[in-house]
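A.B. asks: What would the 3D arrangement of this be:
(2 chains)
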Amino acid sequence: MIKVELKDGVVKEFEKGTTAAEVTKSLGAGLYKAACVCRVDGVVCDLRTPLENDCRLEIVTFDETDGKKAFWHTSSHVLAQAVKRLFPNAKFAIGPAIDSGFYYDFDVEKPFSPDDFEKITAEMKKIVKEGLAVEKFLLQPDEAIKLLEEMDEPYKVELCKEHSDKGEPISFYKQGEFTDLCAGPHLMTVANIKAIKLTACTGAYWRGDSKNNQLCRVYGVSFPKASMLEEHLKMLEEAKLRDHNKIGRELEYFTTVDYVGQGLPVLLPKGARVIQLLQRWIEDVEQKKGCQLTKTPLFAKRELYKISGHWDHYLDGMFVLGDPHDETKECFALRPMTCPFQYQVYLNKQRSYRDLPMRLTETSTLFRNEASGEMHGLIRVRQFTISEGHYILRPDQLEEEFKGCLELAKYCLDTVGLLEDCTFRFSQWDPANPNNKYEGTAEQWEEAQAVMKKILDNIGLKYEVGFDEAAFYGPKLDIQYRNVFGKEDTIVTIQIDMLLAEKFGMYYIDSDGQKKLPYIIHRTSLGCYERTLAYMLEHFAGALPLWLSPEQVRVLPLSENLADKAKEIEAQLTAAGIRASSDIRSEKIGYKIREAQLEKIPYMLVIGSKEVESGTVSVRSRKQADMGTMPLSDFIALALDEINTKKK
RNA sequence: GCUGGAAUAACUCAGUUGGUAGAGUACCUCACUCGUAAUGAGGAAGUCGAGGGUUCAAGUCCCUUUUCCAGCUCCA
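C.D. replies: From the prediction side, this is the model:
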């Protein structure tokens, strides 16, 4: 007999070798039905796992992430089974669970059409109704490879051969006529998958490498109850209403024009105003932090990029003016980054250790020739403006300055309301990167990464490691943000560079009279303005905080004959530094309010004869509706306080 | 760059098997002078993304191309 400790410390005895499933069943039919997988002493396992020793057993349902993962993983097998039935020639790659569902990659002659989708969904539902039990079996590596070869699954054979190096048995899962190479864990039966929706069909490269064959990836999501699926789809619809690419256009922040080109959004007055406000604020904040503002050219001769290394690493990503390969003629390129330009400020004269740290910042417009399929609203564009900076430092200043950069970035992101949803990624090099991406020696890399790790650990920052995500000249701390579709991008980056100073001959004379190489931190405080604006539009669903609202107050006279009074109030607001307008059209007040509300105008001041008589305004906010009447001066004080404190 | 989807009035979208281009909103005009999310009537508005082709006839079928969307790859 073995002792099994259950939830809340209850201990029960079972025969040695009893499976977790049998234990669960003994606890109650309802629990067994809801159970997806279990954790034995904290390790996620199949319910079919036999318990051999005393242990702690947790039953995991769909409510937990581990449960969802298993549920969706099994769903991906059902998808594969349905595809096999309908398209017997399809070859199978991988089919994992992801954060919001599952996918399976297939090699098929023709990608699936929406029509095929319906058929596949119907077949999946049929399979669920058949209520097949999921069984697990193990094979020795050579037997496993033989089986997969017989099944004519070349991708699976490739995967299996890699696992077989370990010499461990290979696990398979089987439901009905369908067998798949898989590590699991899986549900006990497909019968629990009550609601299924296939969401997208896209291309995806085998093993994530664009040199490889492109497969057909089918995305889906599934739930134990139909109502949960409905709720999920409703949530997705609501997320889409926050999409900056939709509301940014609707609310007239930006637009795109066919004949201007891809990745070149046109900022409309509202978008331009927000970016101006952010830029003025950041430039002032940086000045107070001891930064020096620079303004350097937007393009330069090819020779500059050759020194920095960008010419060799990123020629494809640059907009080149002239023939890049004709060395007999002058050739220019628009700048894809600011580093080599800003270094010229440092190089302007001989520098002493007393000049350091030198904190150079610039509101820098950059140009990157992104591949045509990469562009996305304001998030991924070909021309953008970034709060860029390079700090040139003595080694003894590195830690403190790095902390300063991180504090500044956190302050900026917090002020614009985005920090709470950010995650941190320590982006490191891959010594074995096949494309020769990284410059410098292993010693230099180990040192730079050790320094960064020490700094991050000292601060106690929670971060993930991004392997093979470093810049070609050094490791990065990337601050990541997810858009409404869950896609992650870097919003802010802080990088340690030990290589470029030498390339540009950026020495300083130390206190001992010796020439020495400085460290350089590449950093941004708020990231690039377009991207930050995009995320703010999503975060606030278009209702930007008052201090950043392009139009802060709209005066709404009840009737046309109060137009002069409205204009007078507007002028008083403008004089107080508030961005105001008035709606003097001969429309009903409800109509004007509705429009202002849809435009997310923070405050509406309604004025009628009552207000004119008493010298007050009737205040309505987009959040709290009617706030009652007050003297105009009171409202101005209230608004200015909200603006000056940058209230979110 | 790759896979899939899309493009019709300023916006959101209808448009049957190929046979004269439609609605709502917005816009303009007029009336109404209004109390916290849509007043009424009338009017104007489209080379059906662009370029080729098939056809007596193309928004609709075929080819090319541009842009937008989702995903992959990439992201200094």
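
A.B. asks: My guess is A:Val492 contacts A:Ile479. True?
C.D. replies: Yes - under the criterion of CB atoms under 8 Å, A:Val492 makes contact with A:Ile479 at 4.0 Å. Using the backbone N, CA and C atoms, a C-beta is placed for each residue, glycine as well.

A.B. asks: And for the residue in the stretch 51-200 of chain A that RNA strand B sits nearest to, the neighbour number?
C.D. replies: Proximity of the stretch 51-200 of chain A to RNA strand B (CB to the nearest atom of the strand) peaks at A:Pro111, 3.8 Å away. By other CB atoms under 10 Å, the residues close to A:Pro111 number 15.

A.B. asks: What of A:Cys160?
C.D. replies: Around A:Cys160 there are 22 residues (other CB under 10 Å).

A.B. asks: Likewise for A:Leu187?
C.D. replies: For A:Leu187, the neighbour count with other CB under 10 Å is 29.

A.B. asks: Go ahead and confirm it touches A:Lys33.
C.D. replies: No - contact criterion CB under 8 Å: A:Leu187 and A:Lys33 do not qualify, at 10.9 Å.

A.B. asks: Single out the residue in the stretch 501-648 of chain A that lies closest to RNA strand B.
C.D. replies: Counting by CB to the nearest atom of the strand, the stretch 501-648 of chain A gets nearest RNA strand B through A:Gly608, at 2.4 Å.

A.B. asks: With adjacent residues omitted, what lies nearest to that residue?
C.D. replies: A:Leu558 (3.9 Å; CB to CB, 6 or more residues apart in numbering).

A.B. asks: give me phi/psi at that neighbour?
C.D. replies: phi -70, psi -30 (degrees, to the nearest 10).

A.B. asks: quick one, what contacts it?
C.D. replies: A:589, A:606-609 (CB atoms under 8 Å, 6 or more residues apart in numbering).

A.B. asks: 10 Å - rerun?
C.D. replies: A:566, A:588-589, A:592, A:606-612, A:618 (CB atoms under 10 Å, 6 or more residues apart in numbering).

A.B. asks: Also A:Glu560?
C.D. replies: A:566, A:584-587.

A.B. asks: Residues of the stretch 201-350 of chain A that sit close to RNA strand B?
C.D. replies: A:201-205, A:208-210, A:214, A:216-217, A:243, A:245, A:250, A:256, A:258-259, A:261-263, A:310, A:314, A:317-318, A:336-337, A:339 (CB under 7 Å from any atom of the strand).

A.B. asks: Just those residues: which are in strands?
C.D. replies: Per DSSP state E, strands hold the following members of these: A:201-205, A:214, A:216-217.

A.B. asks: center of chain A, which residue is that?
C.D. replies: Central residue of chain A (CA atoms, centre = their mean): A:Glu488, 1.7 Å from the mean position.

A.B. asks: Quick check: that one vs RNA strand B, distance?
C.D. replies: 8 Å (CB to the nearest atom of the strand, to the nearest Å).

A.B. asks: Quick check: that residue touching A:Arg482?
C.D. replies: Yes - the pair formed by A:Glu488 and A:Arg482 meets the contact definition of CB atoms under 10 Å, at 5.0 Å.

A.B. asks: Find residues that contact each of those two.
C.D. replies: Joint contacts of A:Glu488 and A:Arg482 (CB under 10 Å, 6+ apart) are A:Thr423.

A.B. asks: The contacts of A:Leu558: which two are farthest apart?
C.D. replies: A:Lys588 and A:Val612 (18.6 Å; CB to CB).

A.B. asks: Tell me where the stretch 101-250 of chain A has helices.
C.D. replies: In the stretch 101-250 of chain A, the helices defined using DSSP state H, counting those that start in this stretch lie at A:114-130, A:141-150, A:154-164, A:226-240, A:244-250.

A.B. asks: how about the first one, does it reach RNA strand B?
C.D. replies: What that stands for is helix A:114-130. Yes - using CB under 7 Å from any atom of the strand, helix A:114-130 comes into contact with RNA strand B via A:Pro114.

A.B. asks: what's next to that helix, contact-wise?
C.D. replies: By CB under 10 Å, 6+ apart, helix A:114-130 touches A:75, A:77-87, A:108, A:110, A:112-113, A:175-176, A:178, A:189-201, A:216, A:218, A:220, A:222.

A.B. asks: cool, and the fourth one?
C.D. replies: Counting by CB under 10 Å, 6+ apart, the neighbours of helix A:226-240 from elsewhere in the structure are A:62, A:100-101, A:194-197, A:199, A:221-223, A:225, A:246-247, A:483-486, A:538, A:541.
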